[in-house]
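K.L.:
My questions concern the predicted model and sequence given below.
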There are 4 protein chains.
Amino acid sequence: MASKVNRVVLAFSGGLDTSVILKWLQQTYDCEVVTFTADLGQGEELEPARQKALLMGVKPEHIFIDDLRDEFVRDYVFPMMRANAVYEGQYLLGTSIARPLIAKRQIEIARQVGADTVAHGATGKGNDQVRFELGYYALAPDIKVIAPWREWDLTSRTRLIEFAEQHQIPIPRDKRGEAPFSTDANLLHTSSEGKVLEDPWEEVPDYVYSRTVNPEDAPDTPEYITIDFEHGDPVGVNGEALGPAALLEKLNDYGRTHGIGRLDLVENRFVGMKSRGMYETPGGTILHLAHRGIEQLTLDRGATRLKDEMMPHYAALVYNGFWFSPEREMLQAGIDHSQKNVTGTVRMKLYKGSAWVVGRKADVKFNLYSTDIVTFEDDMGAYDQRDAEGFIKLNALRLRLLGRRDR
Amino acid sequence: MASKVNRVVLAFSGGLDTSVILKWLQQTYDCEVVTFTADLGQGEELEPARQKALLMGVKPEHIFIDDLRDEFVRDYVFPMMRANAVYEGQYLLGTSIARPLIAKRQIEIARQVGADTVAHGATGKGNDQVRFELGYYALAPDIKVIAPWREWDLTSRTRLIEFAEQHQIPIPRDKRGEAPFSTDANLLHTSSEGKVLEDPWEEVPDYVYSRTVNPEDAPDTPEYITIDFEHGDPVGVNGEALGPAALLEKLNDYGRTHGIGRLDLVENRFVGMKSRGMYETPGGTILHLAHRGIEQLTLDRGATRLKDEMMPHYAALVYNGFWFSPEREMLQAGIDHSQKNVTGTVRMKLYKGSAWVVGRKADVKFNLYSTDIVTFEDDMGAYDQRDAEGFIKLNALRLRLLGRRDR
Amino acid sequence: MASKVNRVVLAFSGGLDTSVILKWLQQTYDCEVVTFTADLGQGEELEPARQKALLMGVKPEHIFIDDLRDEFVRDYVFPMMRANAVYEGQYLLGTSIARPLIAKRQIEIARQVGADTVAHGATGKGNDQVRFELGYYALAPDIKVIAPWREWDLTSRTRLIEFAEQHQIPIPRDKRGEAPFSTDANLLHTSSEGKVLEDPWEEVPDYVYSRTVNPEDAPDTPEYITIDFEHGDPVGVNGEALGPAALLEKLNDYGRTHGIGRLDLVENRFVGMKSRGMYETPGGTILHLAHRGIEQLTLDRGATRLKDEMMPHYAALVYNGFWFSPEREMLQAGIDHSQKNVTGTVRMKLYKGSAWVVGRKADVKFNLYSTDIVTFEDDMGAYDQRDAEGFIKLNALRLRLLGRRDR
Amino acid sequence: MASKVNRVVLAFSGGLDTSVILKWLQQTYDCEVVTFTADLGQGEELEPARQKALLMGVKPEHIFIDDLRDEFVRDYVFPMMRANAVYEGQYLLGTSIARPLIAKRQIEIARQVGADTVAHGATGKGNDQVRFELGYYALAPDIKVIAPWREWDLTSRTRLIEFAEQHQIPIPRDKRGEAPFSTDANLLHTSSEGKVLEDPWEEVPDYVYSRTVNPEDAPDTPEYITIDFEHGDPVGVNGEALGPAALLEKLNDYGRTHGIGRLDLVENRFVGMKSRGMYETPGGTILHLAHRGIEQLTLDRGATRLKDEMMPHYAALVYNGFWFSPEREMLQAGIDHSQKNVTGTVRMKLYKGSAWVVGRKADVKFNLYSTDIVTFEDDMGAYDQRDAEGFIKLNALRLRLLGRRDR
């Protein structure tokens, strides 16, 4: 807290917490605060953030509100989807993947406005502080970082509210009491954790979900959709070409309607403890499955195996905040190389919480599936069954040598 | 085909194909055939197999019909479940895991009856021939193997039926025509492939499914169950202790009722081609998810990551038939070491095709989840948020050095 | 052997074996043989191969003798060196890496001359047959392949010599008797195996070595050299810029003089057995160590670790003949991405069988080593030792939770 | 520094630094200090440590001097050698592997004497602080840890000496000035780093080496030795059975004489920076190579590959201080499983800085190498060369499908 700060770029949502942080930064560091509010598809009005910032004395030219939705989906979500990334077998990394983009944009703004410092509103127990700050340091090694939650003494909600009241920071009615859980949202997902969710034996109450209908309330009739892929990325839904953000929004609509993508998870945080979270990733869940579906036709066995082996490392890097690291980029280079023929169309069935791949097709110049070869019918010599004997014999040779020795 | 065969142990289902093989072996090799029929929970009467074998001249003492269900689940399915094994991201390996046990028992019988040869009814295009034969060779390096489908000239169904008619082999009415698909079943799953399933764009017709109701026809009300685990293995359902086979049967019932565990997959065979299969793994799907659920509480992050990284290798070994290999055993030794504290109870919600973990608990001597530490509330010093700064700073150091260089 | 062959491109060394094969192909298949002789730096005159081919009736326009040395080193050896590839901990893959290039050039020639078939002189027990043929099939899926050693009845040296005599094929004096071992050579290495080398307890006799002096006979004074790297590839020795082949030749000279790069190995072949080989890789050994040396300064920890983890897979792919596979290309894409800053100079000390890195330097725009940060002296705040406490505390957190549980 | 300390167990070498720490702890924390001095084969007299401790007021019953050499080699060095562990391709982990044992013993003593705190003399920039403290926390989650170098203000050597003088701590003559480098030693190795070694372009001066003769001064005649292994561990040298520590000492003698095991390395520390170190691991280098040698005969290909793939992870865990972690134990369980047949004898040639495996043999009940199968001579049907065609064809199938698509 000692070091002198001239100008700080704050990741500013406009909510109570980051408003308090804004004021606290101005007071504590006697510095100019620049606010940055990103539209990542979290589904909130962003103009109120501008009003709040102005009210708290931020200069108009120091208020940045950017629509990053297409960049987010195209340059962060899609590359990660190419990797089929899931953390600890299940989590689609919806919060993790948004942080590097916010960090990157904050640093760009810091350069633009000549700020020497950045700040964020993540707590000292979570992963997000790590993700933000590793992003900052990778992109601007000499930047100063302020993480108020690790520094200040506003450690309880009561004290936070008091501080807000003292400084005329408007407090939304529903923030007066203790929130029953904490939430993060963007175009890919909504996550909730804390308080009512802390007992991992208790089912997540239905009111926690905000992005999907309860599967039990979803339509009684399945719905079928198709998703078109080119070079590993989705480009259309039901035959209609769509840009990255629009496509994910469309899939989110389908997912919401059919109650798809709910996940109740106890996960291992990078900072060392286990936590229980609830995730809703409606469109992303559909996309993840569909991508696997099109890879089934167009990706070779060797590439599939290598991708599966690389995946846990990739997912951990994203989860832990190492997006801007040489090893994430190396893995991405390998993965992207594999996607050049991942082109075709997948048909999905959506029904009461589930999405199933029920069909996939690809043009002959992308397809590796060959009915001629696999058929039970006479394959006209495409495959010589006698080759199998030699194949097995030589694969068995080392096992036979072992068997002879170990009998 | 040249080498002399004295006595051959045939993996004999009693169906048309292996009946033809039995006769063909007797004729072609002029040898004594010993039949081995395993009850792996495939849900068929096995006594008819005895009658058929007798009819075709097999000596009573050379007819082996063994109930291997508990051994199958305890020594093959459960170890694989400890590994969270899925092949190519999705397939729960239901066929693959049964083959090593059949091979092992065939070899035991061969030793018992003094047979020099074993035979199986798998085709020359599939994975099963590999799995059987790698098992044979690993356990009995000098055994002779006959794979009639790779040898004989009964290459069409018409010719097979003709052969059966010529030799008074009874032909079930429904086998007269071409079967619309081919099937394998055991306590863990039923698989179907071929013919009507060969076009991967066409949805699998509902009549292909035999182990699960259509999710649309499943109950409109969710059902909740609990599964108890000890040291990584399930030991009870809804509080009732159950042996391995009985437990899996119980979960199969739940899965069947709620339409759980259907999978439509295009996969990469070890013999080099892609094939499209349909799998039903009702109880296994529930078990797989539940095991992940209990690991969430009881398995450390490092162990979780290592298991996830080992898994694709493990799954490929099972899929490719290398169960009896040093590397599968090495992986198993590592995995099993991790399971000693995987003890607790998982609550699942079953509904219209889906199974969700909605709760998990573990005794304090197994549990690694700590509300004290993760809580948003004051944690009484269990975790010092200031530690996070140093943690981030040193994790960032190499990225900062990179950033300085690469700017 | 049944299928009709019109024209076959033979990998032809001009030696006794491939001369016999040439004649045998002409006789057995009644086809036109096209010869392809590659200069990969094996250190033999190639013009005699032309004479022999002419003598046996090959048309002049069907005799191909190509200097592939630069392509070999630039496009095969260097990419592999970027990966630090060693098979089973020690083997630098000198034979393996030459096969894909030979296969590729054979297929190009086959296309050029309208040949439908290719042939090679590798035996049926070795890895080389696999490497050649996987290359052929990957590049020309419908090519026919003839591997005479797996087909013919010239299974002993006596019979081979008889065949040669019958067909006026000149027999070098030293090939009359049984060669005491078998050899392969190219610019990267010489390998020897078989006969006198088959007992792995017996030391390799000194006369087997041909590329390096015995370390005991090497100079009594160490020699120092420098190697310059750019983007992961060596580009100069002792400050002199050199093309790929010339550079490797220069390092081979140094290695030869100082007895560097001898390896006595029992390895696991892809075809399933163990074999004992002797390898001499003089320049390659120096290069391998030097590349590690320059990576020490210029490659980040995360990239280093990922490369080390990828390496055994990469090496096995090269060893097993999967150079032209999607997974080798994926790994290469990842590895190559890491090499963009691997630029600098390494100093080596060469002495009596050993090469040691004794110094390495890199321009500030490539260097990640920072004396300022590592120094024991006061670092002027570049590194805050108090950060270490938080770093350790959070790394320890999961271990502490484990410790509390497991006490 | 705030928290109250009653009794602290200090890892005490008896040297200047830990003597200053002893006094500083007594003063700063007003607590009782218990000293623990381990004989890990560092080659120093330990009784002087007792005298110093007594002099500074440590109670006789609070002075622990333990000979841990056999435990060190048997339970730490050998398990690591089974893994063939090398960090970043080269470092044999000699310092890293000693830390967990010291930590474990310190915690045992803390329990025995009722101490609530442990302390060590590692600096705040290095890896050793991490290794010590992760060990402490894993074994005693609630222990307090004092790392004086991160706390105190004795940040220059001058101040340290002043403090020593003020408190009558004897200062060895050679410690008066700045030491030209810093050293750690145990039975496995000696490491040196810092000051004169900080420029990675400068060759390490010969006076830095203390455990090995300069290769140029080593005998002009090679020496041959044999090493016997049982189940992966060395048990004898030249036919003489030796306990763990005695065996490593014997190999150290051979290594010293022949100048074996010097390594000049720039490595990546866990705390994020690169550092340059010099290592001497005479016996360990011989052992590492010999272990590879005996595995060549007795370890299967699949096990070899899996071990090689696991190794970088294993080595990083040891290097980073995670010896007492679930994932290190899991890897160890897998590795140890592979070693049950790693039994036999290796012959090494030692000469002027190099150790070469020149022969290896194993009893038939451990040996997987089969001359019968590998021989170029007629193998009497042990291997059917025609099997190779099928083996290659099916391995090629996916490549051919790729080739057809991608042409």
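P.N.:
Sure, I can see it. Numbering: from 1, shown residues only, chains lettered A, B, ... in the order given.

K.L.:
Write out the residues of the stretch 151-300 of chain A neighbouring chain C.
P.N.:
A:268, A:271, A:272, A:273, A:274, A:299, A:300 (CB under 8 Å from any CB of the partner chain). For glycine as for every other residue, the C-beta is placed from the backbone atoms N, C-alpha and C.

K.L.:
ok, and which of those reach chain D?
P.N.:
Within those, those near chain D by CB under 8 Å from any CB are residue A:300.

K.L.:
Can you name the two of the residues of the stretch 151-300 of chain A next to chain C that sit furthest apart?
P.N.:
Farthest-apart pair in these is A:273 and A:300; separation 40.2 Å (CB to CB).

K.L.:
the more surrounded of these two?
P.N.:
residue A:273 (25 against 22; other CB atoms under 10 Å in any protein chain shown).

K.L.:
Now do the contacts for that one.
P.N.:
A:125, B:370, B:373, B:374, B:383, C:397, C:398, C:401 (CB atoms under 8 Å, 6 or more residues apart in numbering or on different chains).

K.L.:
Would you reformat the residues you listed as a markdown table and include distance to chain D, neighbour count and secondary structure?
P.N.:
As requested, the contacts of residue A:273 are exported to a markdown table (distance: CB to the nearest CB, whole Å; neighbours: other CB atoms under 10 Å in any protein chain shown; DSSP: H, G, I helix; E, B strand; the rest coil):
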| residue | distance to chain D | neighbour count | secondary structure |
| --- | --- | --- | --- |
| A:125 | 18 | 22 | coil |
| B:370 | 11 | 19 | coil |
| B:373 | 12 | 19 | helix |
| B:374 | 16 | 23 | helix |
| B:383 | 13 | 21 | coil |
| C:397 | 8 | 23 | helix |
| C:398 | 8 | 24 | helix |
| C:401 | 7 | 22 | helix |
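
K.L.:
quick check, residue A:98 in a strand?
P.N.:
No - counting by DSSP: H, G, I helix; E, B strand; the rest coil, one finds residue A:98 to be helix, located in no strand.

K.L.:
Would you confirm that it contacts residue A:188?
P.N.:
Yes - counting by CB atoms under 8 Å, residue A:98 does reach residue A:188; the two are 7.3 Å apart.

K.L.:
Find the residue closest to the residue of the stretch 251-400 of chain A found nearest chain B in space, skipping its chain neighbours.
P.N.:
Nearest residue of the stretch 251-400 of chain A to chain B, counting by CB to the nearest CB: residue A:385, 2.8 Å away. Using CB to CB, 6 or more residues apart in numbering or on different chains and skipping residues adjacent in sequence, the residue nearest residue A:385 is residue B:124, 2.8 Å away.

K.L.:
That neighbour and chain C: what is the separation?
P.N.:
19 Å (CB to the nearest CB, to the nearest Å).

K.L.:
Phi, psi for that residue please.
P.N.:
phi -90, psi 0 (degrees, to the nearest 10).

K.L.:
What residues does it make contact with?
P.N.:
Neighbours of residue B:124 in contact, by CB under 8 Å, 6+ apart: A:385, A:386, A:388, B:147, B:149, B:150.

K.L.:
wait, doesn't residue A:31 sit right on residue A:116?
P.N.:
No - using CB under 8 Å, residue A:31 is not in contact with residue A:116; the gap is 9.0 Å.

K.L.:
which residues do the two both contact?
P.N.:
Joint contacts of residue A:31 and residue A:116 (CB under 8 Å, 6+ apart) are A:5, A:6, A:7, A:8.

K.L.:
Could you turn the buried ones of those residues into a PyMOL selection?
P.N.:
Buried residues within those, by 16 or more other CB atoms under 10 Å in any protein chain shown, are selected in PyMOL with:
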select buried, chain A and resi 5+7+8
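
K.L.:
chain center to stretch A:212-222: distance?
P.N.:
24 Å (CA atoms, centre = their mean, to the nearest Å).

K.L.:
and stretch A:170-187, which residues are buried?
P.N.:
Neighbour counts over stretch A:170-187 (16+ other CB under 10 Å) mark A:175, A:179, A:181, A:182, A:184, A:185, A:186, A:187 as buried.

K.L.:
Now that we're looking at the residue most central in space within chain A, what pLDDT does it have?
P.N.:
The residue lying closest to the centre of chain A (CA atoms, centre = their mean) is residue A:94, at 2.4 Å. Looking at residue A:94, its pLDDT stands at 97.

K.L.:
cool, residue A:132 as well?
P.N.:
On the pLDDT scale, residue A:132 gets 98.

K.L.:
For the closest residue to chain D within chain A, which three-state class applies?
P.N.:
Closest contact between chain A and chain D, by CB to the nearest CB, is at residue A:390 (2.4 Å). At residue A:390 the chain is in helix, as set by three-state DSSP.

K.L.:
tally of neighbours for it?
P.N.:
Considering only other CB under 10 Å, residue A:390 is surrounded by 20 other residues.

K.L.:
so it sits right up against residue D:383, yeah?
P.N.:
No - contact criterion CB under 8 Å: residue A:390 and residue D:383 do not qualify, at 11.2 Å.

K.L.:
Nearest to chain C among the residues of the stretch 151-300 of chain A next to chain C?
P.N.:
Among these, and counting by CB to the nearest CB, the member closest to chain C is residue A:272, at 2.9 Å.

K.L.:
Can you tell me the closest non-neighbouring residue to the closest one?
P.N.:
Per CB to CB, 6+ apart, closest to residue A:272 is residue C:397, 2.9 Å.

K.L.:
And for residue A:210?
P.N.:
residue A:190 (5.7 Å).

K.L.:
Could I get the contacting residues of that neighbour?
P.N.:
A:94, A:183, A:184, A:210, A:211, A:279, A:280.

K.L.:
mind running it again at 10 Å?
P.N.:
Neighbouring residues of residue A:190 by CB atoms under 10 Å, 6 or more residues apart in numbering or on different chains: A:42-43, A:94-95, A:183-184, A:208-212, A:261, A:278-282.

K.L.:
before we move on, what about residue A:133?
P.N.:
Neighbouring residues of residue A:133 by CB under 10 Å, 6+ apart: A:99, A:103, A:118, A:120, A:122, A:143, A:145, A:147, A:321, B:388-389, B:391-393, B:395-396, B:399.

K.L.:
Can you show me the strands along chain A?
P.N.:
A:7-11, A:32-39, A:63-67, A:117-119, A:144-146, A:182-185, A:190-193, A:223-230, A:233-237, A:240-241, A:262-268, A:274-280, A:344-351, A:354-361 (DSSP state E).

K.L.:
lowest-confidence stretch among the ones you listed?
P.N.:
strand A:182-185 has the lowest average pLDDT among those, namely a mean of 92.

K.L.:
Just give the strands next to it in its sheet, each with its orientation.
P.N.:
Using DSSP bridges, the strands paired with strand A:182-185 in its sheet are strand A:190-193 (antiparallel).

K.L.:
next one: the partner strand to chain centre, how far?
P.N.:
With CA atoms, centre = their mean, you get 12 Å for strand A:190-193.

K.L.:
Can I get it as CSV, trimmed to CA atoms?
P.N.:
The C-alpha trace of strand A:190-193 is given here as CSV (Å, rounded to 0.1, in the frame of the first residue of the first chain):
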residue,chain,number,x,y,z
THR,A,190,-23.1,-18.0,-14.9
SER,A,191,-21.5,-19.3,-11.8
SER,A,192,-22.6,-19.1,-8.3
GLU,A,193,-20.9,-20.0,-5.0
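
K.L.:
and residue A:79, how many neighbours?
P.N.:
Residues near residue A:79, counting by other CB under 10 Å: 21.

K.L.:
same thing with the one 5 residues further on?
P.N.:
Using other CB under 10 Å, residue A:84 has 21 other residues around it.

K.L.:
can you pull the contacts of residue A:42?
P.N.:
A:13, A:69, A:98, A:183, A:184, A:185, A:186, A:187, A:190.

K.L.:
do residue A:385 as well
P.N.:
Per CB under 10 Å, 6+ apart, neighbours of residue A:385: A:379, B:123-126, B:129, B:147, B:149-151, B:155, B:271, D:390.

K.L.:
Can you list which of those are found in helices?
P.N.:
B:129, B:149, B:150, B:151, D:390 (DSSP state H).
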